[in-house]
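Participant: The following block contains a protein sequence and its predicted model.
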Amino acid sequence: MPRLRSLPLLLICLLLVALSGFSAYRIAQRLGIADLQATGLHRLDLYATSLEREISKYAFLPGTLSLEPEVLDLLAGGASDYASARVNGYLEKLNERAGTLAIYVMDTRGKVQATSNWRRPDSFLGEELSFRPYFREALEGGNGRFFGIGTTRGEPGYYLASALTGDNGTLGVAVIKVSLEQLEKSWTTVEAPVLVADENGVVILSAVPSWKFTTLRPLDDSTRAAFDHTQQYNRRALQPLGVKEIEDYDHGARLVRIAASGPEMVSVYPVTGRFLEQSRTLPGTPWTLTVLSHLEQVDDLAQSRAALAAIAAACLCLLGVILNERRRHLRDRLAAREALQKAHDELERKVEERTADLSAANHQLQDEVGERIRAERTLRAAQDELVQAGKLAVIGQLSTGIAHELNQPLAALRTLSANAERFLERGDVDTTRTNLGRIADLVDRMGRITGQLRNFARKSSGQSAPVPLCHALDNALALLDARLRRAGAEIERSCPVDEPVALCDANRLEQVLINLIGNALDAMADQARPRLELRWECADGMVRLHVRDHGPGLTDEAQAKLFEPFFTTKPAGDGLGLGLAISAGIIGDFGGSLHGANHPGGGAVFTLELPLAPAP
Ligand code: ADP
């Protein structure tokens, strides 16, 4: 997705870069061309002035020949051969001094009467040159000018002609042929190509030799015929230079292209390619001076400016992209922060809600816990009461035996006290003392019995403490002693060498033991010698007491409902059906358990299991 999103941005950036490059190129090119134009105009002025100066240097020279009487005589036809030779000599010297190509005079028919080159074999002397335009122009207008190629030596030159007049009118025409080669040569050293074209567009002077005698525009047939007639270019081919206009500018300037023609020229400046062409006509001539400024440098500059502009645009785009990315990043961060804040607020709101819910629930829970604690307390109190009630029931059951147990020493006390009285009356102090000692023993015995009962009867707290189990069993058996003896019960019991100790309440444990032994005795009530086995067993951190009788065992119903409260098979008044239920509760409170089952060898066996107290 980010790629797709950034694609239009990339395209816009590319477009911007391209546009900047193109605009910079165009502007730099325009400015460069304007610069070139100014320089070109300056060059045009410079070259035009130098050309004019070069030509005007000789302009007066043909006219001055009319000041020579011998020349005029020769043209008038009155000169001797000697005089004619003198004129030739004069012209020869003059030509030498002036540094011109040739100086000659023609009569009114166009025949060369005297010439500076009279000695040379290709001398003009006697030649008929009336076809040359400058001759006619001079005859008609006084002066004639002409650029052409010499008919005899094929040497290009500028012809300046003036009519020579005597007293009887025009006698002939004096002509000076000037070479513009020097000027042309000086142009080859300048920075831009320069050329001069005649009125027909034929290049007559050029800094580039190969451009000379080419045409700037196509020549029509009549012009070519005129050239043939005047032999102006001595039948040269006059090929087109191949200038193609690209664009037109102000002040006669235009952008042109010159294609390569022929072998590449070695030159100080390029001669093909794109040029700024600027022309102006030369005063006093039908010629056009043209300066061609190559656009290479302008193009190079424009290209480098375009590259710079493109780079700058690219940098700007990059900066823009970076700023945009940064802005987007900041926006995303802000959005993320806002979302986070929102989530945080939401969370806080929920936490507050939950806290409120929780505190409400907590209050409710506290209330419930309080309620439960209260209920548990009530239950515990009820349980304690129940245990106490169970204990009182046991005491009730024990009371008959205990009363019987106390009756015997009481009767003995009565007899002993009566006997003591009688022995005292008789003065038998020794027997009286013996009797009193026996009375004291009996009182002690009775005190022990009632003490045990009182101990048992007290309401215990139910708090756990290490209890030596054999000792607890002894206490239980002591309380049951009268009953056991009355029943004639035979007890088989043993205590392990290391007396097991369990964490429980001694008083309550005794209550359980009395219950179990009492039930066993009840089950064996119809037996003459009831047998009771009390066996201890320690294993895996637990201590077990097996209480086995030899009674009828447990019925199926009794097995199913053994620990249900108020389940009893005993006649009303003998049993409440709470003994086992209370006993199981007491043992469960101490982390132990109570089971009842039938022994394979007959009778019932109750197993009491308690965790052993950790070694001190
Ligand atoms: P209670 O002794 O008041 O009946 P218990 O809860 O102590 O209440 O006993 C419930 C019943 O379990 C007894 O009525 C009796 O039927 C049965 N039972 C308890 N111990 C024995 C035993 N050793 N042999 C046979 N039955 C027993």
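Facilitator: That came through fine.
Participant: Which other helices and strands does the helix or strand of the chain with the lowest mean pLDDT contact?
Facilitator: None of the helices or strands of the chain scores lower by mean pLDDT, DSSP states H and E than helix 181-188, at a mean of 76. Contacts defined by 3 or more C-beta pairs under 8 Å, 6 or more residues apart in numbering; DSSP states H and E place helix 181-188 against helix 2-59, strand 203-206. (Each C-beta comes from the backbone N, C-alpha and C, glycine too.)
Participant: 10 Å - rerun?
Facilitator: Secondary-structure packing of helix 181-188 (3 or more C-beta pairs under 10 Å, 6 or more residues apart in numbering; DSSP states H and E): helix 2-59, strand 156-166, strand 194-197, strand 203-206.
Participant: any idea which of these is most buried?
Facilitator: strand 194-197 (a mean of 25; mean count of other C-beta atoms under 10 Å).
Participant: That one pairs with which strands, parallel or anti?
Facilitator: strand 203-206 (antiparallel), strand 288-294 (antiparallel) (DSSP bridges).
Participant: thinking again about what came up before, using CSV, please lay out the helices and strands packed on helix 181-188 together with distance to residue 582 and mean pLDDT.
Facilitator: Output for these, formatted as CSV (distance: least, C-beta to C-beta, whole Å; pLDDT from 0 to 100):
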stretch, distance to residue 582, mean pLDDT
helix 2-59, 81, 85
strand 156-166, 155, 87
strand 194-197, 142, 88
strand 203-206, 144, 85
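Participant: helix, strand or coil for residue 567?
Facilitator: Classification of residue 567 using DSSP: H, G, I helix; E, B strand; the rest coil returns coil.
Participant: Could you pick out the longest helix of the protein?
Facilitator: helix 296-426 (DSSP state H).
Participant: how far off helix 2-59 does that one point, in degrees?
Facilitator: 160 degrees (axes from the mean of the first three to the mean of the last three C-alpha atoms, to 10 degrees).
Participant: Who are the contact partners of the most centrally placed residue in the chain?
Facilitator: Nearest residue to the geometric centre of the chain (C-alpha atoms, centre = their mean): residue 329, 9.5 Å. With contact set as C-beta atoms under 10 Å, 6 or more residues apart in numbering, residue 329 has no partners.
Participant: circling back to that earlier point, could you identify the helix or strand that succeeds the longest helix of the chain?
Facilitator: helix 429-457 (DSSP states H and E).
Participant: Tell me what angle the least confident helix or strand of the chain forms with strand 156-166.
Facilitator: 140 degrees.
Participant: Quick one: work out the angle between the longest helix of the chain and helix 429-457.
Facilitator: Using the same axes, to 10 degrees: helix 296-426 against helix 429-457 is 150 degrees.
Participant: rounded to a whole number, what's the mean pLDDT of helix 296-426?
Facilitator: Computed over helix 296-426, the mean pLDDT rounds to 86.
Participant: repeat for stretch 127-146
Facilitator: Per-residue scores along stretch 127-146 average to 87.
Participant: In that stretch, which residues are buried?
Facilitator: Of all the residues in stretch 127-146, those buried under the rule 16 or more other C-beta atoms under 10 Å are 127, 129, 132-139, 143-146.
Participant: C-alpha coordinates for it, PDB please?
Facilitator: The C-alpha coordinates for stretch 127-146 follow below in PDB (Å, rounded to 0.1, in the frame of the first residue of the first chain):
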ATOM      1  CA  GLU A 127      42.100  42.400 -73.600                       C
ATOM      2  CA  GLU A 128      38.500  43.300 -74.200                       C
ATOM      3  CA  LEU A 129      36.800  43.500 -70.700                       C
ATOM      4  CA  SER A 130      33.700  45.500 -71.600                       C
ATOM      5  CA  PHE A 131      31.500  42.600 -70.300                       C
ATOM      6  CA  ARG A 132      32.600  43.300 -66.800                       C
ATOM      7  CA  PRO A 133      29.900  45.100 -64.900                       C
ATOM      8  CA  TYR A 134      32.200  47.500 -63.200                       C
ATOM      9  CA  PHE A 135      33.300  48.900 -66.600                       C
ATOM     10  CA  ARG A 136      29.700  49.800 -67.600                       C
ATOM     11  CA  GLU A 137      28.900  51.100 -64.100                       C
ATOM     12  CA  ALA A 138      31.900  53.400 -64.300                       C
ATOM     13  CA  LEU A 139      31.100  54.600 -67.700                       C
ATOM     14  CA  GLU A 140      27.500  55.200 -66.700                       C
ATOM     15  CA  GLY A 141      27.900  56.500 -63.200                       C
ATOM     16  CA  GLY A 142      31.500  57.500 -62.700                       C
ATOM     17  CA  ASN A 143      32.300  54.600 -60.400                       C
ATOM     18  CA  GLY A 144      31.900  50.800 -60.500                       C
ATOM     19  CA  ARG A 145      32.500  48.200 -57.900                       C
ATOM     20  CA  PHE A 146      32.600  44.500 -58.300                       C
END
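Participant: Next, the contact list for the residue sitting furthest away from the middle of the chain, please.
Facilitator: Most distant from the centre of the chain: residue 426, at 128.1 Å, with distances by C-alpha atoms, centre = their mean. Residues near residue 426 by C-beta under 10 Å, 6+ apart: residue 432.
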